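1. Sequence plus predicted model, see below.
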Amino acid sequence: MTEHMPPPPAAGCRTSPVLKQRGQREVFCGLTGIIWLHRKIQDAFFLVVGSRTCAHLLQSAAGVMIFAEPRFGTAILEEADLAGLKDAQAELDRTVEELLARRPDIRQLFLVGSCPSEVIKLDLNRAAERLTQTYAPKVRVLEYSGSGIETTFTQGEDACLAAMVPVLPKTDARELIVVGALPDVVEDQMVALLTDLGIGPLRILPARTIEDEIAVGPNTVFALTQPFLGDTHAALSRRGARHIAAPFPFGEEGTTAWLSAIAEEFNISREVFDRVTEAPRRRARHAIRQAAAPLNEKSVFFFPDSQLEIPLARFLSRECGMTALEVGSPYIHDALHGPDLDLLPAGPQISEGQDVDLQLDRCRAAHPDLTVCGLGLANPLEAEGFATKWAIELVFTPVHFYEQAGDLAALFARPLRRKSILKVAAE
Amino acid sequence: MKLTVWTYEGPPHVGAMRVATGMKKLHYVLHAPQGDTYADLLFTMIERRDHRPPVTYTTFQARDLGADTAGLFKQACQDAYDRFQPEAIIVGASCTAELIQDDPGGLAETMGLPIPVIPLELPSYQRKENFGADETFFQLVKHLAKPQAKTERVSCNIIGPTALGFRHRDDVAEITNLLFECGIEVNVTAPMGATPSDIAQMGKAHFNVLLYPETGETAARYCEKEFDQPYTKTVPIGAGATQDFIAEIRALSGSTVPLDSQALRQTWWSRSVDSTYLTGKRVFIFGDGTHVKAAARIARDEMGFEVAGLGCYNREYARDIRTIAKEFGVEALITDDYLLVEKTIEALQPEMILGTQMERHIGKRLGIPCAVISAPVHVQDFPARYSPQMGFEGANVIFDTWIHPLVMGLEEHLLHMFREDFEFNDAAGPSHHGGHQPAGIASNPLREAAAQEQSAVQSTGGDVAIWLAEAEKELKKIPFFVRGKARRNTETYATSQGLSEISIDTLYEAKAFYAR
C-alpha cells in the first residue's frame, strides 16, 4: 500500500534527545478550544466559570466577535463569590437557569473550569451532576477544565472530548470511532473515504448533536485525527477501546498511512485500498507539487503551539522538501506522536515546553526561512525580517486528508510567496 | 457571578499592559498562569506592533502551585531585569495570581534590584481595564515624578494616551501640533512614548493637558496637588469642544497667538445643503464616558441629529453621563451588559448607532447603520492613514466617519420614489457600500422552533397592538433604513390611541402624527 511513498528515513526523531526548558510559555490556555468546539457541536453551550480575563481571552482570540450570537459565555466570578459571601454553587445554578431560559435550543451544556475556579476549588463536577438531574432529559450537563494551569491551547478540546467518554453508552459491537473535531467538509470527505473502503459502522466524536449515538466497548477501535487527544485516548482505553496508532492524516503520505492502518485493522484488501485511494492520492500529490514549490530546500522552525508541530514537520520534510531546524511542541506523547517521529528525518532539535526568550534566541541564531509561531510573536519576528506562519491558522483551517493537502502546503508557502512579491522594502 | 457574552473592558492587568507597552524602557513582570500571554496578541495583532509587549509572565502551572510560585516569580523578575535592562519595573498579579497571594510587590522589593520597582494593586474581581491603566500610570507618576522648577517657556504635559487606545496615536500628533501653534511646548507626553526618566521630568511643565480622563485623570489630579499643575477639563473632540479647549489652554498659558482654523471643514460640510438629510436623524450613542460625552455634543450641535438615547460602559463616568442624559432629556444607560445594550437599541429603533465594535455587531443584526466612536478596539480602529478624533482634523474625520454608513441624501429620496424597482431598491443597501441587507438570524432549525414557541407566548401577553396583514405588507414597502422607526412609531401611536390592531390607516395616521 505504500508503493509511491519514499521509505522511512534511516534515522527518525523518535529517539532524539528532547530539549525541555522551563520559563515563560507563550501559549494559549485550553479555553481557546471553545472557539471551534462551539461551532462543531451544534446543540452545545460552553459556559466558562472564570474571570474577566477568561471572557476577554475568548473575545480576543475570536477576533472580537466574529460570531454575533456565540454558543459560549462566561460566568464571571466576583468579589462576593470569592469572599464566600455567596454560595458559589447556588450562584452557578442561578446563572445556568438564566442561560437555559435564554437559549431553549441548548441540549448539552459544558461547564468549563478556569484558572480561578480551580484555584478556589469550585467543584464543577458536583455542579454538573446536580444540574444534569435538574434538567434531564432535555439537557445534559458535563464539565471539564480549560484552565491555563492544567491545559495548553488544543488540550481544551482533548479535555472536552475526554469528558464525554464516560457518559457514552456501552456496546459490544465492533465499531470504529474517529476522534477529533474537524471542519464539516473534511469530516464528510473522511466518512466517504472510509465508507468506500467498506469500513464501518463508523462513529465520530464529537458528534454534531446529542442525537447522534456513539457507544463504546471492548470491541471498539478508534483512530485519532488530531495529535492533541492524549486524555481522550486514555479515557477510551479505559472503556476497553483499542487505539489504531498511525501517523496523522496530513498530506498525501500521512493520509495514506492513517487510512492504511485502519484498513489493515478491518482486513481490507490491497486492491480495494488502491482503487479507493488512487485518484485522491494522485490529486493530492499534484496539488502539493504545485503549492509547495516555494518551500523546496527551505528551512523551518516551529515554536510550540497546538501539538500539530510534529506531524506538520513530518509533512513539510517529506512532502515539501523542507528542512526542520527545531520542532517545538507543548507536549510530546509517544503513543500519539511516535509514528510521526519515526518518519521525521533525524536532525532537528526536538523541544517540549518552552522558555520563550531562550527559544527566540535559538530561532534568531538558526535563521530559518520560515518560522511557525503564535500570534504574539509573528509580527515582532516579521519586523526582524523573519517570514512567519501564524500557527493558529493551522487549527482553524481545513487541512486534513487528501483534498486539503495542497491547501496545507499553500498555507506555509504563502508567507514566502508574499515576501518575494512585495516590492516595498522593509525599513 | 455574572453571565457575560462579550465584555467592553478587559481585566485591570491589561490596562497596566497598555501603559507598559505604550512606554519605553519600562518592564512589567506579571505573575500569571500560562494562557494569560494571549494579551500579547492584542498589541501585536490588533495594533500591529512590531515588538513584543515588554511583559514577562511567570506562566505558572498546576504543578507549581504546591511548590514554589514565589520563587518562580523572583526568577522571572531577575531574568527580565538581566535580559531587558529596563529603567524601571512594575510588578503585579493577574486574576489567578491574586488568589494565590504571593505578594509580587513584596517579593520584588526584597530582591534589591538597582532600579525603581513599582508594585501594582489591581483588584481583578472588582475593577477593569481602564482602572488598571489609570492606576498604573498614577503609581508611575507617584513613584517617579518629583517637584521641579518650571521650564522657562510655557510648557505642558500631555496625559493619558496609551497603547491600544482608540486613535491615541493620531490624537497626540494633532494636539501636539495645536499646542505648538499656540506657542506652547510639550514637556512630556505620557504614558505613550515616555520612558521612566521622562516621567521623572513631568514636574517641569506649567500645566497638563488631559486627553483621556479614563486613563489619566488620577495622575492629573495628583500633579495638580503635588506640582501645582492645573489640567484641562475639556476633551477636544468635535469643533465646539476644540474651540473650548483652545480657550482653556489660552487661559492656562497666556497664549494669544491667533489660530488658523481653515483646516476645519466640518462646520461648512455640515451647513452645506447636501447635509440637510442629516436633520433630526435619531441616533443612539454608546461607548466610554469621554467619547460619548463628546459624541452627544457633536451629534446635536454639529450634525443636527436627535439624540434618542445614550450611555456608557464604564461606571466611573456614570455621573457625567447621567448629567448629560438629563440635559438631552433621555435616559442614561450605564451598563457593561452587551445584551442589555442590544435590547435598548432594539426598543429605541434609532436610525443610526454611534457606538463601539460591539454596537456595530448589534447594528448589523438589526439592520441599523453604525459608526464606531470609542474603544474597545478592533484591528479596523488602527487605520494606516492619519485619522485623529481630536482637534480640527478630528472633527473632519468624525464628520466623514459618521455619514459613511448612511444612505446619502438624494439617494434616500430616490429609494423612496423607486422602492419597488428590481435593481435600484433598498435591499441593495447604500450605493457606496459593498451591498448588504439587514442580516437575518442565521438559520438554525432548533433555534427557530424554540423562537416560535417564545414569540407565541409574547404576542398573547404583550400590550403591543397586532399588525393586520395588509399593514404589515405596506410597512415592508418602506425602505429598511426607516422601517424600524416607522414600526416603532406606529406601535407607540396605536398604544397611545388604545388601538388593538394596526391597519394601513393607523400606519399613515402615525406617520402624519410624527411628521416633522
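-> Sure thing, it's come through. Numbers count the residues shown, from 1 in each chain, chains lettered A, B, ... in the order given.

2. For residue A:149, give me its contacts.
-> Applying C-beta atoms under 8 Å, 6 or more residues apart in numbering or on different chains, we find residue A:149 in contact with A:115, A:118, A:119, B:33, B:34, B:60, B:61, B:62, B:64, B:65, B:96. All C-beta spots, glycine's among them, are computed from the backbone N, C-alpha and C.

3. switch the cut-off to 6 Å
-> A:115, B:33, B:61, B:62 (C-beta atoms under 6 Å, 6 or more residues apart in numbering or on different chains).

4. Then residue A:71?
-> Going by C-beta under 6 Å, 6+ apart, residue A:71 touches A:38, A:45.

5. so what pLDDT did it get?
-> For residue A:71, the model assigns a pLDDT of 90.

6. how near is it to residue A:350?
-> 38 Å (C-beta to C-beta, to the nearest Å).

7. Residue B:108 is in what secondary structure piece?
-> Residue B:108 belongs to helix B:104-109 when assigned by DSSP states H and E.

8. circling back to that earlier point, I'd like to know which of the contacts of residue A:149 are part of strands.
-> Among those, no member falls in strands (DSSP state E).

9. and of these, the nearest to residue A:227?
-> Distance to residue A:227 across the contacts of residue A:149 (C-beta to C-beta) is lowest for residue B:61, with 20.6 Å.

10. pLDDT value on the closest one, please?
-> We have a pLDDT of 90 for residue B:61.

11. ok, now the one 10 residues further on?
-> According to the prediction, residue B:71 has pLDDT 92.

12. How many residues are close by it?
-> 12 (other C-beta atoms under 10 Å in any protein chain shown).

13. Would you agree it falls within a helix?
-> Yes - applying DSSP: H, G, I helix; E, B strand; the rest coil, one finds residue B:71 inside a helix.

14. I'd like the distance from it to chain A, if you could.
-> 12 Å (C-beta to the nearest C-beta, to the nearest Å).

15. residues touching that residue, list them.
-> Per C-beta under 6 Å, 6+ apart, neighbours of residue B:71: none.

16. now swap in the one 10 residues further on and tell me
-> For residue B:81, the contacting residues are residue B:113, by C-beta under 6 Å, 6+ apart.

17. What strand or helix carries it?
-> Assessed by DSSP H and E, residue B:81 sits inside helix B:69-84.

18. How about residue A:267?
-> Using DSSP H and E, no element contains residue A:267; it sits outside every helix and strand.

19. neighbours around it, how many?
-> 8.

20. and what of residue B:268?
-> 9.

21. circling back: average pLDDT for whatever helix or strand comes next after the helix holding residue B:108, rounded please.
-> Proceeding N to C from helix B:104-109, the next assigned helix or strand is strand B:117-119, under DSSP H and E. The average of the pLDDT scores along strand B:117-119 is 97.

22. Also stretch A:15-22?
-> Stretch A:15-22 comes out at a mean pLDDT of 94.

23. Can you tell me how far residue B:107 is from residue A:90?
-> 36 Å.

24. And for residue B:263?
-> The value you get for residue B:263 to residue A:90, if C-beta to C-beta is used, is 60 Å.

25. Mind checking which of residue B:107 and residue A:90 has more residues around it?
-> residue B:107 (20 against 10).

26. check contacts around that one.
-> Here residue B:107 is in contact with B:70, B:73, B:74 (C-beta under 6 Å, 6+ apart).

27. can you count the residues close to the last one?
-> Using other C-beta under 10 Å, residue B:74 has 19 other residues around it.

28. and if you look at the second one?
-> Residue B:73 has 26 neighbouring residues, counting by other C-beta under 10 Å.
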